[in-house]
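> What shape does this take:
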Amino acid sequence: MKQTLQRHIGMPQAIALYIGAVLGSGVLIVPGLAAEMAGPASLLAWGFMTLLILPMALSMGLLSAKFPNAGGVSHFVTLAFGPKAGALVGWFFLMSVPIGGPVASLTGAGYMTAAMGWDNNVRIALAAGMLAIGLITNWIGMQLAGKIQVAVVIAIVAVLVFSFAAALPRMESVHFTPFVPHGWMSVGQAAAILFWCFIGWEAVSHLSEEFKDPQRAAVKGVTIAAIIVGILYFLSALATVGTQSYLQGGSDASLVWIISQPLGRWGGFIAGLTGMFICTATIIAYSSAASRVAFALARQGYAPKWMGTLSARYNTPTGAIGFLLGCFVIVFVLYGSGLLSITTLIQFPNATFILTYIGGCAAGIRLMRGNRLGVTISWISLVATLAVFPFTGWAIGYPLIISLLFVWVVYRKKSSDELNNSANIN
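Numbering: from 1, shown residues only. Purely as a prediction, here's the structure:
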């Protein structure tokens with residue numbers, strides 16, 4: 001009997017999951033990093049990416065509505081280009097989360113420790129706790145995860161709106177000159193970094209099998225979420241450049257500086273807590289998505305069978321959640337030993353996330369024939385992601401390694417299938 005997941009996710013939970021997946025650690029660090037790279041001209045990159053949000057979101061939403069499946073983008077690519085291509089894209093996404101999750105948790109915990117003056121050991125402990133919350137929430141089920149996500153997203157939006165209001169009196173026109181201090185190439189490089197902020201639409205596609213009403217939740221939900229996310233990101237970037245907080249508080253703690261100005265130490269605490277909330281929401285969404293795609297890959301025979309194990313009590317993919325737990329521990333050990341920094345870690349999953357989008361957008365062009373809107377936005381998203389991909393630099397090596405390992409897995413699967421067929425014939 002084919003194992004299936006239960007439908008628990010309604011419209012409010014779907015919107016919150018979309019926002020939580022997209023409005024993640026990027027809003028805490030990327031506005032400052034982009035401003036540091038391109039100066040005020042980084043706002044052009046933000047404007048471009050904000051306009052790109054809706055077609056990227058809708059391309060994933062339309063596919064999720066039409067083909068709801070735990071495999072998400074992997075399933076779409078399978079339908080369009082065959083099971084091997086779909087499984088490879090699934091592994092690109094799956095292997096992004098074991099690094100992206102710890103990066104998100106360390107970023108959120110780093111905001112709190114920077115605000116309160118705590119050391120790196122406290123940061124690691126807080127980050128580990130955030131990852132534990134994400135995994136436990138997913139183990140109990142998406143009904144609980146959705147409710148938590150709604151509450152967290154409301155708190156996040158409130159604080160980000162307040163931070164922009166607090167920044168308005170400190171924004172000066174002189175902070176926008178010179179507009180292009182590092183040349184026009186820096187705007188392209190900033191756009192590549194900004195892609196980290198706008199990934200997430202593909203993550204919720206892996207939860208579409210659990211939507212109560214896939215058509216409504218995927219299309220209407222993703223549209224509402226895209227508008228909210230686009231506005232919040234651009235306002236955060238405008239506040240960062242307009243106040244030059246990336247120079248005052250450091251590029252990775254610009255939000256802390258903005259909120260601390262009117263509220264003092266309490267502002268730092270609120271900003272730190274917001275950072276933890278934002279990143280916990282991201283971890284919940286991505287842990288959900290990764291565990292579902294691992295479950296789907298195991299169901300198709302492209303991942304170990306134990307990854308497809310479901311909890312007898314909650315009907316959640318415990319085998320896949322266990323895989324994520326093991327990966328998180330390894331990444332934390334490497335980070336704690338000083339072998340890898342956050343700056344290095346954040347670049348690894350960027351290339352694989354972009355490749356996941358490229359696969360999904362290409363699948364959308366083929367699968368939505370007859371739907372002019374669907375094909376058009378898929379083309380727009382595909383061209384934009386292809387344009388950004390070369391700027392990922394050396395991180396392209398990470399998906400290359402995953403591809404080589406995948407070829408080995410496929411070879412072993414083929415050999416195993418041939419042996420089984422031979423035994424059956426005999």
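> Please tell me how far Asn69 sits from Leu297.
When distance is defined by Cβ to Cβ, to the nearest Å, Asn69 is 12 Å away from Leu297. (C-beta placed from N, C-alpha, C; glycine too.)
> try Ile346
Ile346 sits 25 Å away from Leu297 when distances are taken as Cβ to Cβ.
> Show the low-confidence segments of the chain, by residue range.
Scanning the chain for pLDDT under 70 picks out 1-5, 25, 196, 249-253, 256, 264, 413-426.
> Contacts made by stretch 375-390 with the rest, please.
Outside stretch 375-390, the residues that touch it by Cβ atoms under 8 Å, 6 or more residues apart in numbering are 52, 54-56, 58-59, 62, 191-192, 195, 351, 354-355, 357-358, 361-362, 364-365, 368-369, 396.
> who's in contact with the closest residue to Lys220 other than its chain neighbours?
Distances taken as Cβ to Cβ, 6 or more residues apart in numbering place Met11 nearest to Lys220, at 7.2 Å, with adjacent residues excluded. Applying Cβ under 8 Å, 6+ apart to Met11 gives the contacts 213, 216-217, 220-221.
> are any of those residues buried, and which?
A residue is treated as buried here by neighbour count (16 or more other Cβ atoms under 10 Å); on that basis the buried members of the contacts of Met11 are 213, 217, 220-221.
> The longest helix along the chain: what's the following helix or strand?
Across the chain, the longest stretch assigned as helix under DSSP state H is helix 265-300. Scanning the chain past helix 265-300 towards its C-terminal end, the next helix or strand to appear is helix 318-336 (assignment: DSSP states H and E).
> what packs against that next one?
helix 97-116, helix 120-140, helix 265-300, helix 342-345 (3 or more Cβ pairs under 8 Å, 6 or more residues apart in numbering; DSSP states H and E).
> so which of these gets nearest Gly47?
Ranking the helices and strands packed on helix 318-336 by their distance to Gly47 (criterion: Cβ to Cβ) puts helix 265-300 first, at 22.3 Å.
> tell me the angle of that closest one relative to helix 318-336?
130 degrees (axes from the mean of the first three to the mean of the last three Cα atoms, to 10 degrees).
> Just the buried residues of helix 265-300, please?
Neighbour count says helix 265-300 has 267-300 buried, by 16+ other Cβ under 10 Å.
> Over to stretch 71-88?
For stretch 71-88, burial by neighbour count (16+ other Cβ under 10 Å) applies to 71-81, 83, 85-88.
> Same check on stretch 400-409?
Buried residues in stretch 400-409, counting neighbours by 16+ other Cβ under 10 Å, are found at 402, 406, 409.
> again with stretch 326-335
By neighbour count on 16+ other Cβ under 10 Å, the buried set for stretch 326-335 is 327-328, 331-332, 335.
> Counting neighbours, what do you get for Leu367?
Summarising burial for Leu367: neighbours were counted as other Cβ atoms under 10 Å, giving 22.
> Likewise for the one 4 residues further on?
In terms of burial, Asn371 registers 14 neighbours under the definition other Cβ under 10 Å.
> Contacts only, for the residue nearest to it when sequence neighbours are not counted.
Counting by Cβ to Cβ, 6+ apart, the nearest residue to Asn371 once its immediate chain neighbours are dropped is Leu62, at 7.2 Å. When contacts are counted by Cβ under 8 Å, 6+ apart, Leu62 touches 218-219, 364, 368, 371, 373-374, 377.
> Now, the contacts of Met11 that are in helices?
Here DSSP H is the test, and the contacts of Met11 give 216-217, 220-221 as lying in helices.
> buried stuff in the helix or strand where Ile258 lies?
Using DSSP H and E, the element containing Ile258 is helix 254-263. By neighbour count, and taking 16+ other Cβ under 10 Å as the criterion, the buried residues in helix 254-263 are 254-261.
> Would you check that Ser208 makes contact with Gly61?
No: contact status for Ser208 versus Gly61: not in contact, 9.2 Å apart, counting by Cβ atoms under 8 Å.
> More neighbours: the two, which one.
Gly61 (30 against 26).
> so who does the more buried one touch?
Counting by Cβ under 8 Å, 6+ apart, Gly61 has contacts 201, 218-219, 221-223.
> repeat for Ile156
Contacts for Ile156 were tallied using Cβ under 8 Å, 6+ apart; they are 19, 23, 274, 277-278, 281.
> With distance to Ala104 as extra columns, can I get the residues you listed in a markdown table?
Below are the contacts of Ile156 laid out as a markdown table (distance: Cβ to Cβ, whole Å):
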| residue | distance to Ala104 |
| --- | --- |
| Ile19 | 15 |
| Leu23 | 12 |
| Thr274 | 14 |
| Phe277 | 12 |
| Ile278 | 8 |
| Ala281 | 9 |
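> Which of those residues lies at the shortest distance from Leu43?
If you rank those by distance to Leu43 using Cβ to Cβ, Leu23 comes first, at 18.4 Å.
> name the element the residue nearest to that closest one when sequence neighbours are not counted belongs to?
Excluding its sequence neighbours, the residue lying closest to Leu23 (Cβ to Cβ, 6+ apart) is Val229, at 5.3 Å. Take DSSP H and E as the rule and Val229 turns out to sit in helix 214-243.
> Tell me which other helices or strands that helix touches.
With contacts defined as 3+ Cβ pairs under 8 Å, 6+ apart, the secondary structure elements packing on helix 214-243 are helix 11-22, helix 26-38, helix 42-66, helix 142-167, helix 185-198, helix 201-205, helix 254-263.
> Can you point out the buried residues in the fifth one?
Counting neighbours by 16+ other Cβ under 10 Å, one finds that the buried residues in helix 185-198 are 186-198.
> Which other helices and strands does that helix contact?
Using 3+ Cβ pairs under 8 Å, 6+ apart as the contact definition, the elements that helix 185-198 packs against are helix 26-38, helix 42-66, helix 214-243, helix 347-367, helix 372-388.
> mind checking which of those is nearest Met112?
Between these, helix 26-38 lies closest to Met112; by Cβ to Cβ that is 10.8 Å.
> Also compute the angle for the closest one relative to helix 142-167, please.
Using the same axes, to 10 degrees: helix 26-38 against helix 142-167 is 40 degrees.
> Need the residues that contact helix 26-38.
Contacts made with helix 26-38 from outside it, assessed by Cβ under 8 Å, 6+ apart, are listed as 42, 44-46, 107-108, 111, 160, 180-182, 186-187, 189-190, 193-194, 196-198, 232-233, 236-237, 239-241, 245-246, 249-255, 275, 278-279.
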